[in-house]
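Chemist: When you get a sec, could you give me coordinates for this:
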Amino acid sequence: MSWGRHFRFWNFTSPSALPAGLFAALAACGLAGVGMAQERPSAGETMKNPIGPLTGQVLAGDDSGALQIRAFLKRRIPPLKLPPDGDRWNRESAALRKKILEAVILKGIPPGVREARPTVLQGETLDTGHGYLIRKLAYEGYPGIWIPALLYLPKELKGKVPAILNPNGHEPAGKAVPYKQVRCINFAKRGMIALSYDWPGYGQLKRGIIDHRDDTNAFVAHNNAAYLDLCGQSGVGVFYLIARRGLEVLLSLPNVDRRRVGMTGLSGGGWQTIILSALDERIRLAIPVAGYTDMLSRIENPSDTGDLEQNPPDLGLYADYSHLTALLAPRPALLIYNHNDFFNPRTTGPRIYEAAMPFFKLFGAGDGFRFHDNLKPGDHNYELDNRQQAYQFISEHFLRKEQRIDQELDCSGEILTEAQATVNLPGKNATWRDLALNAAKELPRTPLPSGQPTPTWANELRSKLKKVVRFPSLTASISELPGSSGQTTIAARRLLFTMGQDWRLPALELPADRPRGTAVIVADGGKAAAAEAAGSLLRAGWQVVAVDLLLDGELAAPNWPRCQVAHMLETVGERLVGVRAAQLEAVCQALAKSRPGLPIRIVGVGPEAALAALVTGCLSDTAQTLVLIKLPATLKGLLAQGVYQMDAPSLFCPGLLELAEIEHLKVLAGRERVGRNLDDPFLFCGASPL
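Modeler: Numbers count the residues shown, from 1 in each chain. From the prediction side, this is the model:
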């Protein structure tokens, strides 16, 4: 898949240069002011405001942001450890399934939603005249989300027969795409039942263009599952329950042999196949096709990273996809990959198949675990060669020898048009926004004090906030690099803040005569976006340190969308806003130590930088004042206005809205410390957080 059509890249070159849609949405949320203390200087005032573009390079080429990020993530990939025997793996795998379901997939989802049986609406039945029927149906995959599906049935059903669940992936035509219809028809002609269902954002569940930004149907933007994560409810759980309830629709049919239930799909359908088959042992055979790869490949190759559901928060704390593959053992599984595709066999072979094979051998089931490298056509496909591999594998395990047909049966002239495959739905489906706003009705759970907050309230909220943002303990050392930036109209010192083996933050320091304090500026887009604020602060007598936080400026990862990097950070248990806030705090502590007696002011320019600054202020009193430019007024406003997670990923910290709103954080930081622009008066500049 080409991710280029799904993502837009933003270059913030000034505090006002935000994506138009994001700026408008945040403005509608009631953004804090964006004013500066003084106007931009005229040409004659250049020496008073000696700011040109803050674009001087600090990091060496072999220490880029992308390299730092990849090294950080690689150190956190969970190892796959082979137990001594099958009995031990049975115990470990049961515990691992339970942990993944409770701590990742179903986290925060109400028990009534988790446990509900699917409601099914039956539609018309088409007699194809070719030995099978097609029954149209819709089932409620998640409250408010109706999933259209086609059920393929042999016309002469006798006794118990195998059944195959066929999820759709990133396929615009959904269940109507010909290659999927051919596969399901062939299952039915072999005496099996097949259920083919659509996926959110595709098939009947798409409206408008499929570019992950169509707000008429927020399901198109899979990454906006982060709306639910923000509320403390698992976004990936929606996808999982849709698939699981499709399985339950199949299992409810009287002719289905529960011992012979399989699942297969391409791309996102392959991902659904591995995630459901690994975690639900009612799937007795799995054939994921070009559906997933390991975490190392997702880190090394941006084209392999995938959507949020493929890298959900905290999955990597417990399992890589090699673990999920091992969870299939000893059930039969055929992994199909396409030779010239992303998720290609040259990496998935050793990192997925060969890594999991020893687990199958623990049970003497190595022969039932296979790998197919598709050469023709070799691109992203589930065409004839791959389908015939699937028929042969399923027949071998589910059918008697005399029933097996290895070659594809002709079904030309039997393919439905997209209109003919359409299923009537009971109404308009809920969007991510609808789901999240419903979940947020009683949020946040922390009461906001009507008067002066008590120390107990503050200490409890601070402790919980540290856990929610996964605030790491970082300590920075400062080194000055030779030379100046050469980009400003005065010499700027090139600083490097080193934080153990993980991070090296680049910064430019702009000196002031007899400084009143040190202003640390962080900006969405990095140092280049901090020039206007830096000029105002210099004129006001502050020395300025403009520093790049993770994913901004020199710590960006070119050609790797920020939201995907955020997904990878969160899947290994980190939180982007927490890492950025901890980096900022470490910078402030290092500067305070090296410049004793000078107060520290943090200036966050842009929604994400401002939130990082606010979180820092909540958890530390190193900075005496905070200036939060373009801070969203509320987190609920992000949901109501449809701000895209891909535009501002750190704003959607999992569980943050469940704990607190922006106003709670301002109270915790100390309202008297917080200004919304550079000319706000500070009533008590020496204030500390409660």
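Chemist: My read is that A660 contacts T446, right?
Modeler: Yes: contact criterion C-beta atoms under 8 Å: A660 and T446 qualify, at 5.3 Å. Using the backbone N, CA and C atoms, a C-beta is placed for each residue, glycine as well.
Chemist: correct me, but I145 touches N429?
Modeler: Yes: contact criterion C-beta under 8 Å: I145 and N429 qualify, at 5.3 Å.
Chemist: Count the residues that sit near L425.
Modeler: 15 (other C-beta atoms under 10 Å).
Chemist: Next, the contact list for A329, please.
Modeler: Shown in contact with A329 (C-beta atoms under 8 Å, 6 or more residues apart in numbering): 89, 93, 356, 359-360, 362-363, 365, 369.
Chemist: hey, where'd the strands end up in the stretch 51-200 of the chain?
Modeler: 120-127, 132-142, 145-154, 161-167, 193-197 (DSSP state E, counting those that start in this stretch).
Chemist: For the longest one, what is the distance to the chain centroid?
Modeler: On the basis of C-alpha atoms, centre = their mean, to the nearest Å, strand 132-142 is displaced by 29 Å from the centre of the chain it belongs to.
Chemist: cool, and the shortest one?
Modeler: Taking C-alpha atoms, centre = their mean, one finds strand 193-197 lying 28 Å from the centre of the chain it belongs to.
Chemist: For it, which strands pair with it and how are they oriented?
Modeler: Strand 193-197 pairs in its sheet with strand 145-154 (antiparallel), strand 161-167 (parallel), by DSSP bridges.
Chemist: Mind checking what helix or strand follows it in sequence?
Modeler: helix 226-230 (DSSP states H and E).
Chemist: same for that following helix, what does it pack against?
Modeler: When contacts are defined as 3 or more C-beta pairs under 8 Å, 6 or more residues apart in numbering; DSSP states H and E, helix 226-230 packs onto helix 432-439, helix 635-640, helix 656-659.
Chemist: Pull the residues that contact that helix.
Modeler: Counting by C-beta under 8 Å, 6+ apart, 218, 234-235, 237-238, 308, 313, 432-433, 435-436, 439, 635, 638-639, 645, 649, 652-658 sit against helix 226-230.
Chemist: Output the below-cut-off pLDDT ranges for the protein.
Modeler: Low-confidence segments of the chain, defined by pLDDT under 70: 1-53, 55, 207-221, 484-490, 679-690.
Chemist: Just give me the residue right at the centre of it.
Modeler: In the chain, the centroid-proximal residue (C-alpha atoms, centre = their mean) is L308; its distance is 2.8 Å.
Chemist: That one and H222 touch, don't they?
Modeler: Yes: with contact defined as C-beta under 8 Å, L308 counts as touching H222 (6.1 Å).
Chemist: where do the contact lists of the two overlap?
Modeler: By C-beta under 8 Å, 6+ apart, no residue touches both L308 and H222.
Chemist: hmm, back to that, A660 and T446: which is more packed in?
Modeler: Counted by other C-beta under 10 Å, A660 and T446 do not tie: A660 has more neighbours, with 24 against 17.
Chemist: From L399, how far out is the more buried one?
Modeler: Per C-beta to C-beta, to the nearest Å, A660 is found 57 Å from L399.
Chemist: again, but for T347
Modeler: According to C-beta to C-beta, T347 and L399 sit 33 Å apart.
Chemist: For the stretch 251-400 of the chain, which segments count as helices?
Modeler: Ranges of helices in the stretch 251-400 of the chain, per DSSP state H, counting those that start in this stretch, are 268-279, 295-300, 315-318, 321-326, 345-348, 354-361, 384-398.
Chemist: To A523, which of the ones you listed lies closest?
Modeler: A523 lies closest, by C-beta to C-beta, to one member of the helices of the stretch 251-400 of the chain: helix 295-300, at 26.5 Å.
Chemist: got the buried residues for the closest one?
Modeler: 295-299 (16 or more other C-beta atoms under 10 Å).
Chemist: likewise stretch 241-255?
Modeler: Residues of stretch 241-255 classed as buried by neighbour count (16+ other C-beta under 10 Å): 241-250.
Chemist: what do you get for stretch 625-636?
Modeler: Buried positions in stretch 625-636, judged by neighbour count with 16+ other C-beta under 10 Å: 625-633, 635-636.
Chemist: again with stretch 115-132
Modeler: For stretch 115-132, by 16+ other C-beta under 10 Å, it's 118, 120, 123, 132.
Chemist: What residues does the first one make contact with?
Modeler: For P118, the contacting residues are 139-141, 245, 248-249, taking C-beta under 8 Å, 6+ apart as the criterion.
Chemist: Can you pick out the most distant pair from these?
Modeler: Pairwise distances across the contacts of P118 peak at 11.1 Å for E140 and E248 (criterion: C-beta to C-beta).
Chemist: wouldn't S93 be in contact with L324 here?
Modeler: No: under the criterion of C-beta under 8 Å, S93 makes no contact with L324, lying 10.4 Å away.
Chemist: between these two, which one's more packed in?
Modeler: Legend: neighbour count by other C-beta under 10 Å for S93 and L324, higher for L324 (23 against 20).
Chemist: quick revisit: could you dump the helices and strands packed on helix 226-230 to JSON lines with distance to A590?
Modeler: Below are those laid out as JSON lines (distance: least, C-beta to C-beta, whole Å):
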{"stretch": "helix 432-439", "distance to A590": "38"}
{"stretch": "helix 635-640", "distance to A590": "30"}
{"stretch": "helix 656-659", "distance to A590": "27"}
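Chemist: Tell me which of these approaches V289 most closely.
Modeler: Set against V289 and scored by C-beta to C-beta, those come closest in helix 432-439, at 27.0 Å.
Chemist: quick check: angle from that closest one to strand 145-154?
Modeler: For helix 432-439 against strand 145-154, the angle by axes from the mean of the first three to the mean of the last three C-alpha atoms, to 10 degrees is 120 degrees.
Chemist: got the contact list for helix 432-439?
Modeler: 142, 144, 218-219, 221, 224-225, 227-228, 230-233, 235, 238, 430, 636, 639-640, 642.
Chemist: residues touching I602, list them.
Modeler: Contacts of I602 by C-beta under 8 Å, 6+ apart are 519-520, 522, 584, 588, 613, 616-617, 623, 625-627.
Chemist: then the helix or strand encompassing it to CSV, C-alphas only?
Modeler: Per DSSP H and E, I602 falls inside strand 600-605. Written as CSV, here are the backbone C-alpha positions of strand 600-605 (Å, rounded to 0.1, in the frame of the first residue of the first chain):
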residue,chain,number,x,y,z
ILE,A,600,13.0,29.7,34.0
ARG,A,601,10.1,30.4,31.7
ILE,A,602,8.6,27.8,29.4
VAL,A,603,7.0,28.9,26.2
GLY,A,604,5.0,26.4,24.2
VAL,A,605,4.0,27.6,20.7
